[in-house]
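In: Prediction below, plus the sequence it came from.
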Amino acid sequence: MRRRATYAATAAVVLAAGLTACSSDEPVDDAPCAATATSRDDGSRSINIPTAEVTVLSPGEGVAQPLTVKPDTASPQEVTLETSSIEASIAPTSANDGTNEVQKTEQQLATPITARSVCDDPTDLEFRIGTPTSKDTNLSSLLGALDGSTGGLSFAAGMTPTRLRLKPTDASESPARSALEQSLIGSLDYAVPLPTSPVAPGATWRSVRTVSAAATVTQTMNVTLAARDGDLLTLDVTVDEEPVNSVFAIPGSEAKLHINRYSMTGKGSITVDLRRLLPTAGRMSMKGGRELVGDDPNRPILQQNEFTLVWRKSQ
């Protein structure tokens, strides 16, 4: 099962334990850029983000120009990330009487983020979380305590995130921490990398990354530079995922299921500002399903998954 919010139902057990020891209410520097990458050594939980291999398929038409990332250190970036996941499972009941049990899990989270490039190393980003909101009334009451949570992101060439660092506040509880972490990881799993060679509008490139969790999948992302206006890029994206093997490891246990069938595809459009390390706008939606089989091949578990992410300027 994947790491992102789409699979929050099965990942929650693992995350609840992992997030307990990485919280703080320490004040942070509010200058236009971050004096240092504080999150590297303040006890933040460090999470690896799978890297992507990028291949240019077509350089586009017209004069090719480099997509030079030059983060702004004169002002912070104010952006809101919204993620929504739905997972529905259909499985035979334990009575084995031919009836099925249906379980549905939904999670939605909108998180305001203030992000600042590190003054002397703009490939590093420090951020502060505002108060997230959710349509889930049970979760919503816990989210206020996340206000003031901090973290950071490391980036490689092509605006590719490589490591997330996250430090929720001491006052926040495990369900809220888990929702925040899953939302951030989900968005980063779908980060759109840029080619390091010059391209013109209409250029296309392919990004391939391997994401390992309960199921290990190969994610293939095809990207088109739909438009460029100075440092602003409009990127049209399609995504397809395929499992590397048939193993599905149930989080929190040593049990494994067999992946009999699997599909996950999606598309979207993302706006990137080369002066900012987080997307400034855009939406991407994924949808798919899988069939999992245990010891009895006549009792498969059918799962349907949806995941949507939206980036927008904070109000």
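Out: Looks like it came in fine.

In: Once you drop chain neighbours, what's closest to residue 68?
Out: Using C-beta to C-beta, 6 or more residues apart in numbering and skipping residues adjacent in sequence, the residue nearest residue 68 is residue 274, 6.4 Å away. All C-beta atoms are positioned from the backbone trio N, CA, C, and that covers glycine.

In: Run a quick neighbour tally on that neighbour.
Out: Neighbour count of residue 274, defined by other C-beta atoms under 10 Å: 19.

In: Number the chain from 583, please
Out: In the new numbering, first residue 583, that becomes residue 856.

In: Distance of it relative to residue 778?
Out: Going from residue 856 to residue 778 by C-beta to C-beta, to the nearest Å gives 13 Å.

In: and for the two, which residues touch both?
Out: residue 649 (C-beta atoms under 8 Å, 6 or more residues apart in numbering).

In: picking that back up, residue 814 versus the residue nearest to residue 650, what's the distance?
Out: 8 Å.

In: And residue 767, by the same measure?
Out: Distance, residue 767 to residue 814, by C-beta to C-beta: 26 Å.

In: How about residue 794?
Out: 34 Å.

In: Could you check which of these two has the larger neighbour count?
Out: Between residue 794 and residue 814, counted using other C-beta under 10 Å, residue 814 has the larger neighbour count: 15 against 12.

In: Now do the contacts for the nearest residue to the more buried one once chain neighbours are set aside.
Out: Using C-beta to C-beta, 6+ apart and skipping residues adjacent in sequence, the residue nearest residue 814 is residue 855, 5.6 Å away. When contacts are counted by C-beta under 8 Å, 6+ apart, residue 855 touches 813, 814, 815, 862.

In: which one of the residues you listed has the most neighbours?
Out: Ranked by neighbours (other C-beta under 10 Å), the contacts of residue 855 are led by residue 815, which has 24 neighbours.

In: what about that one, which helix or strand?
Out: Residue 815 is part of strand 814-825, with elements assigned from DSSP states H and E.

In: Which stretches in the chain count as helices?
Out: Ranges of helices in the chain, per DSSP state H, are 590-600, 719-725, 756-771.

In: which secondary structure elements does the strand holding residue 815 contact?
Out: With contacts taken as 3 or more C-beta pairs under 8 Å, 6 or more residues apart in numbering; DSSP states H and E, strand 814-825 sits against strand 799-811, strand 838-855, strand 863-875.

In: isn't residue 892 right next to residue 691, touching?
Out: No - counting by C-beta atoms under 8 Å, residue 892 stays clear of residue 691, with 10.9 Å between them.

In: Settle it for me: which of those two has more neighbours?
Out: With neighbours defined as other C-beta under 10 Å, residue 892 and residue 691 compare such that residue 691 has more, 27 against 18.

In: Return the residues in contact with that one.
Out: 587, 664, 665, 666, 714, 715, 716, 721, 725, 761, 762, 765 are the contacts of residue 691 under C-beta under 8 Å, 6+ apart.

In: So what's the residue count around the last one?
Out: It stands for residue 765. Look at residue 765: counted by other C-beta under 10 Å, it has 26 neighbours.

In: Same question for stretch 800-816: list its buried residues.
Out: Judged by neighbour count (16 or more other C-beta atoms under 10 Å), stretch 800-816 contains these buried residues: 801, 802, 803, 805, 806, 807, 808, 810, 815, 816.

In: Please apply the same query to stretch 827-842.
Out: 830, 833, 839, 841.

In: ditto for stretch 687-703
Out: 687, 689-700.

In: which two of the residues you listed lie the greatest distance from each other?
Out: 687 and 700 (37.2 Å; C-beta to C-beta).

In: Low-confidence bits of the stretch 633-782 of the chain, can you list those?
Out: Along the stretch 633-782 of the chain, segments meeting pLDDT under 70 span 677-678.

In: on that earlier part again, of the buried residues of stretch 827-842, just say which sits nearest to residue 615.
Out: residue 833 (38.0 Å).

In: and that closest one, backbone torsions?
Out: When read as degrees, to the nearest 10, the backbone of residue 833 gives phi -60, psi 140.

In: how much space between it and residue 646?
Out: Residue 833 is 45 Å from residue 646, by C-beta to C-beta.

In: try residue 711
Out: Per C-beta to C-beta, residue 711 is found 38 Å from residue 646.

In: can you check residue 773 too?
Out: 23 Å.

In: Comparing these two, which shows the higher neighbour count?
Out: Between residue 773 and residue 646, counted using other C-beta under 10 Å, the more crowded position is residue 773 (22 against 14).

In: The spatially closest residue to that one that is not a sequence neighbour bridge partners, please.
Out: Once flanking residues are discounted, residue 773 sits nearest to residue 743: 5.2 Å by C-beta to C-beta, 6+ apart. Beta-bridge partners of residue 743, counted by DSSP bridges, are residue 737.

In: Thank you kindly, that will do.
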